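Asks: Have a look; sequence and predicted model below, questions after that.
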Amino acid sequence: MDQRASGELAEAVGTTAGTRAVFVTSAEPSIVRAVVERAHAASLPVVVECADESARRRAVELRAEEWVLAGTGADELAARLHAAVARAVPGGEELSDRVERVEYERMLHDGLTGLPTLPVMIERSRQRFKERGELVVLYFNFVRYSKIEEIYGWEKLDAVLETTAAAVREFLDDTSAQPPRLMVSFMNDDDFIFFHVPATGVAAATDAEITEMVSRLQRHVQTLIEAQHGEDIAALFDIYVGRAHVYYNPKIRIERLLYRGIREAANASRSIEQRERARKVADLRTSLRERGVYVDYHPIVYADTEDIFGYEALARGVMRSLRSPEVMFEVAQEADLIWELSRLCRERALEGLTSKLKPGELLFINVDPHDFADPAFVELQVDDPTRVVIEITERTAIKDYPKFRERLATFRKAGFRFAVDDAGSGYAGLGSIANLEPDFIKLDISLINAIDTNFIKQNLVETMVKFASDHGAKVIAEGVERAEEFRTVRDLGVHLVQGFYLHRPGSTAATVAANAAAAARPRERAAASS
Amino acid sequence: MTKAALPPILVVDDNKDNAEIIRQYLEVRGYPITVASSGEEALALYETVKPALVLLDVMMPGRDGWEVCRIMKQHPELGKTVRVIMVTALNELEDKQEALQTGADDYVAKPFDLATLAATVQRNLAMRTALAS
């Protein structure tokens, strides 16, 4: 402890060796200021003793690390000093340097995947490329990654991207004996770029070798995503890989060569995507002709008794390429076959009303807003319409309002009931939901995912439950996968619940295997979200 | 040292008076508090302070609270365990939905009383402990 009179003090601060903190007891503002400035210049934390409120305010303005009221006990003072030292937070120039460094680092690496950004990768491969004279660019185009975010929320997409990056890293570790042969970068959206520089003395990989490597990587990524996130998500997206060979040319700048290569590879991946889409359309036409659609019935249960209330019918393609309903409907949309597909799915789903459901149980069917313009739908004939609930997604329900409501009224008159799907996902406010006068409000899956740990989600669901009760509707929580999520939504007053935690969807032998594969999922998800 | 027992909290607010009131109130309760007066500063301090919880004002010049929250939650190590409470004057459905998009765990609506703030801090730290075990 070095104690000095105020006159000498300012000079002493920061020059006395071994000092770890400075404690100022002066009431004179100019001295306090001088001391704090000197101390901070020497990166020392300061504790200021304050006689009154204005002194304390001054201390805070000077960004002193700590302050104590005059006359505080020794214990408190020690604690404050300790805290000040423990923090020793940088200020002034050092802090702004650090702000810059953080920004800079964010430019070099993608925070989520830990992979280098493109400029970094170009810098790293520059020398090798020049020496070796050639380089292969692979462009991995992940189609429908954004759908994951749309359906399950960004947390799920981030988790899937992390899995993807991990799979890619794992693959690289196994593959490249000479480390920098293969480098990868993540494009902020959802695509990955690989640079393959053949090692010195080794021949460049042949096209056949690259094709083989690419398909191995594709399989590896798919397998890992299916294992960690389930078949529904793995079936949702496709990976298309385009490639380009780049040869060193001393007259052209390396960046330009590489960017050209990337563009070429990206275009190649898009044309493969186009080809695959055409193949999927052909698959869909075959499916429509052969009625190759089956239906999963997802049980919806009472939150309190867990008894079955009804089922949601979810149509899936029999063909593997159309297994995911999202993919199947996207393809139909592009090929202008949406009515045909909807009709087939609807017919299949309604068959369950007698074959699958017990009397009194309700059948929830998904209806695309386009269907309301389909004459075949408008004349939908069902023996007992009161057992059928038409689900309309909040995401699209809100367009073309007056006409839409008119159609709804016709159905309502016939006895059908309505559910607003994906409510609370932010597409429409509560006012728009109220306008549809739904009998059921199905909460968006992203609200339920990890709701037990997130108080904002709990608050939102509480709001929705109250809103529903005010409007004579019942709330359904979808995507309940863990016991904690179930308890939370039940305690929040949610009336009905749907999700893997209570029942696995099932109907045909085809889904049994898928369900078995998904068996380990909820546990993993819980671990991933904690 | 009683102070060391409680986890560190980072208070981010461009209004120094607000930050100071929060700091004082929580410090008396034994929490080690670090104050940042902008989003940029908060991010620069993030790895040093390693806060268990961040009280994050939404309306700030430069990087706003939403953006800061998103970046903090994406941090490869700290992002998994940090609890972020948004401090916001907005209390509409849309704001809560926006908060969810950024990964925030909880919110306190302005104007708030300090007891509510402390209770919110407490329940989030309790949740953090529960998740860690």
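Replies: Received, thanks. Residues are numbered from 1 along each chain as shown, chains lettered A, B, ... in the order given.
Asks: now chain B, which segments are flagged as low pLDDT?
Replies: Where chain B drops to pLDDT under 70, the residues are B:1-5, B:91.
Asks: Which helix runs longest in it?
Replies: helix B:114-132 (DSSP state H).
Asks: what sits up against it?
Replies: A:453, A:455, A:530, B:7, B:9, B:21-22, B:25-26, B:29, B:31, B:52-53, B:55, B:81, B:83, B:85, B:105-106, B:108 (Cβ atoms under 8 Å, 6 or more residues apart in numbering or on different chains). Placement of C-beta: from N, CA and C, glycine included.
Asks: what residues does chain B put near chain A?
Replies: With Cβ under 8 Å from any Cβ of the partner chain as the criterion, chain B meets chain A at residues B:1-4, B:16, B:20, B:32, B:34, B:40-41, B:43-46, B:48-49, B:71, B:74-76, B:80, B:93-94, B:96-101, B:103-107, B:120, B:123-124, B:127, B:131.
Asks: and if we set it to 6 Å?
Replies: Taking Cβ under 6 Å from any Cβ of the partner chain as the measure of proximity, chain B contacts chain A at B:1, B:3, B:20, B:32, B:34, B:40, B:43-44, B:74, B:96-97, B:99-100, B:105-107, B:127, B:131.
Asks: If any of those residues are buried, put those into a ChimeraX selection.
Replies: Applying 16 or more other Cβ atoms under 10 Å in any protein chain shown to these, the buried members can be selected in ChimeraX as follows:
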select /B:3,20,32,34,40,43,44,74,96,97,99,100,105,106,107,127,131
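Asks: Which ones among the residues of chain B next to chain A lie within helices?
Replies: B:3, B:20, B:40, B:43, B:44, B:96, B:97, B:99, B:100, B:127, B:131.
Asks: sorry, back to before: only the buried subset of the contacts of helix B:114-132, as a PyMOL command please.
Replies: Selection of buried members from the contacts of helix B:114-132 for PyMOL, criterion 16+ other Cβ under 10 Å:
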select buried, (chain A and resi 453+455) or (chain B and resi 7+9+22+25+26+31+52+53+55+81+83+85+105+106+108)
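Asks: before we move on, the earlier item: ok, which pair from the ones in helices among the residues of chain B next to chain A is furthest apart?
Replies: Taking Cβ to Cβ as the measure, these reach their widest spread between B:3 and B:97, a distance of 37.3 Å.
Asks: for the closest residue to residue B:51 other than its chain neighbours, which residues make a bridge with it?
Replies: What sits nearest to residue B:51 in space, not counting adjacent residues and going by Cβ to Cβ, 6 or more residues apart in numbering or on different chains, is residue B:10, at 3.9 Å. Residue B:10 has the following beta-bridge partners by DSSP bridges: residue B:34, residue B:54.
Asks: Residue B:10: what's it in contact with?
Replies: Counting by Cβ atoms under 6 Å, 6 or more residues apart in numbering or on different chains, residue B:10 touches B:34, B:49, B:51, B:54.
Asks: ok, now residue A:164?
Replies: Contacts of residue A:164 by Cβ under 6 Å, 6+ apart are residue A:221.
Asks: Please identify the helix or strand for residue A:19.
Replies: Using DSSP states H and E, residue A:19 maps to neither a helix nor a strand.
Asks: any idea how far it is from residue A:53?
Replies: With distances taken as Cβ to Cβ, to the nearest Å, residue A:19 is found 29 Å from residue A:53.
Asks: These two: who's more crowded?
Replies: residue A:19 (15 against 9; other Cβ atoms under 10 Å in any protein chain shown).
Asks: Now name the helix or strand holding the residue lying closest to the more buried one once chain neighbours are set aside.
Replies: Counting by Cβ to Cβ, 6+ apart, residue A:19 lies nearest to residue A:44, which is 6.1 Å off, once chain neighbours are set aside. With secondary structure defined by DSSP H and E, residue A:44 is part of neither a helix nor a strand.
Asks: pLDDT below threshold where in the stretch 1-150 of chain A?
Replies: Within the stretch 1-150 of chain A, the stretches with pLDDT under 70 are A:1-18, A:85-93, A:111.
Asks: can you give me the strands for it?
Replies: Taking DSSP state E, counting those that start in this stretch as the criterion, the stretch 1-150 of chain A contains strands spanning A:22-24, A:46-50, A:66-69, A:134-143.
Asks: Would you mind getting the angle between the top helix by length along chain A and strand A:134-143?
Replies: Secondary structure of chain A per DSSP H: the longest helix is helix A:254-290. Direction vectors for helix A:254-290 and strand A:134-143, defined by axes from the mean of the first three to the mean of the last three Cα atoms, to 10 degrees, enclose an angle of 40 degrees.
Asks: Quick one: mean pLDDT over helix A:254-290.
Replies: Averaging pLDDT along helix A:254-290 yields 93.
Asks: same deal with stretch A:363-374?
Replies: For stretch A:363-374, the mean pLDDT works out to 84.
Asks: which residues sit against stretch A:141-157?
Replies: With Cβ under 6 Å, 6+ apart, stretch A:141-157 has contacts from A:160, A:190, A:191, A:236, A:237, A:238, A:239, A:240, A:269, A:326, A:445, A:446.
Asks: For the helix or strand the first one falls within, buried residues please.
Replies: By that I understand residue A:160. Per DSSP H and E, residue A:160 falls inside helix A:154-175. By neighbour count on 16+ other Cβ under 10 Å, the buried set for helix A:154-175 is A:154-165, A:167-168, A:171-172.
Asks: How about stretch A:121-136?
Replies: Buried, per 16+ other Cβ under 10 Å, within stretch A:121-136: A:121, A:122, A:124, A:125, A:128, A:129, A:132, A:135, A:136.
Asks: what does stretch A:368-380 give?
Replies: Of all the residues in stretch A:368-380, those buried under the rule 16+ other Cβ under 10 Å are A:368, A:369, A:371, A:372, A:374, A:377, A:380.
Asks: now swap in stretch A:330-350 and tell me
Replies: Buried residues in stretch A:330-350 (16+ other Cβ under 10 Å): A:330-332, A:335, A:337-346, A:348-350.
Asks: Filter those residues down to the ones in helices?
Replies: Judged by DSSP H, helices contain the following of these: A:330-332, A:338-346, A:348-350.
Asks: any idea which of these is the one closest to residue A:492?
Replies: Of these, the one sitting nearest to residue A:492 (Cβ to Cβ) turns out to be residue A:349, at 30.0 Å.
Asks: Pretty sure that closest one sits against residue A:295.
Replies: Yes. With contact defined as Cβ atoms under 6 Å, residue A:349 and residue A:295 form a contacting pair (5.3 Å).
Asks: Next, show the common contact partners of these two.
Replies: Contacts common to residue A:349 and residue A:295, judged by Cβ under 6 Å, 6+ apart, are residue A:313.
Asks: Next one: residue A:354 from residue A:225, what distance?
Replies: Per Cβ to Cβ, residue A:354 is found 38 Å from residue A:225.
Asks: who has more neighbours, these two?
Replies: residue A:225 (23 against 10).
Asks: what helix or strand does the more buried one sit in?
Replies: If you go by DSSP H and E, residue A:225 is part of helix A:207-229.
Asks: Break chain A into its domains for me.
Replies: In the assignment given by automatic domain parsing, the structural domains of chain A cover A:6-94, A:109-279, A:291-529.
Asks: Is it possible to get a markdown table of the ones you listed that adds distance to residue B:67?
Replies: Listed next are the domains of chain A as a markdown table, based on distance: least, Cβ to Cβ, whole Å:
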| stretch | distance to residue B:67 |
| --- | --- |
| domain A:6-94 | 22 |
| domain A:109-279 | 13 |
| domain A:291-529 | 17 |
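Asks: Centre of the chain to stretch A:320-339, how far?
Replies: Mean-position distance between stretch A:320-339 and its chain equals 23 Å (Cα atoms, centre = their mean, to the nearest Å).
Asks: got the end-to-end distance for that stretch?
Replies: 21 Å (Cα to Cα, to the nearest Å).
Asks: Do me a favour and average the pLDDT over that stretch.
Replies: Stretch A:320-339 carries an average pLDDT of 90.
Asks: ok, residues contacting that stretch?
Replies: Contacts of stretch A:320-339 (Cβ under 6 Å, 6+ apart): A:147, A:235-236, A:280-281, A:283-284, A:315-317, A:341, A:370, A:374.
Asks: how about 7 Å then?
Replies: Stretch A:320-339 has contacts (Cβ atoms under 7 Å, 6 or more residues apart in numbering or on different chains) with A:147, A:232, A:235-236, A:277, A:280-281, A:283-284, A:287-288, A:314-317, A:341, A:368, A:370, A:374.
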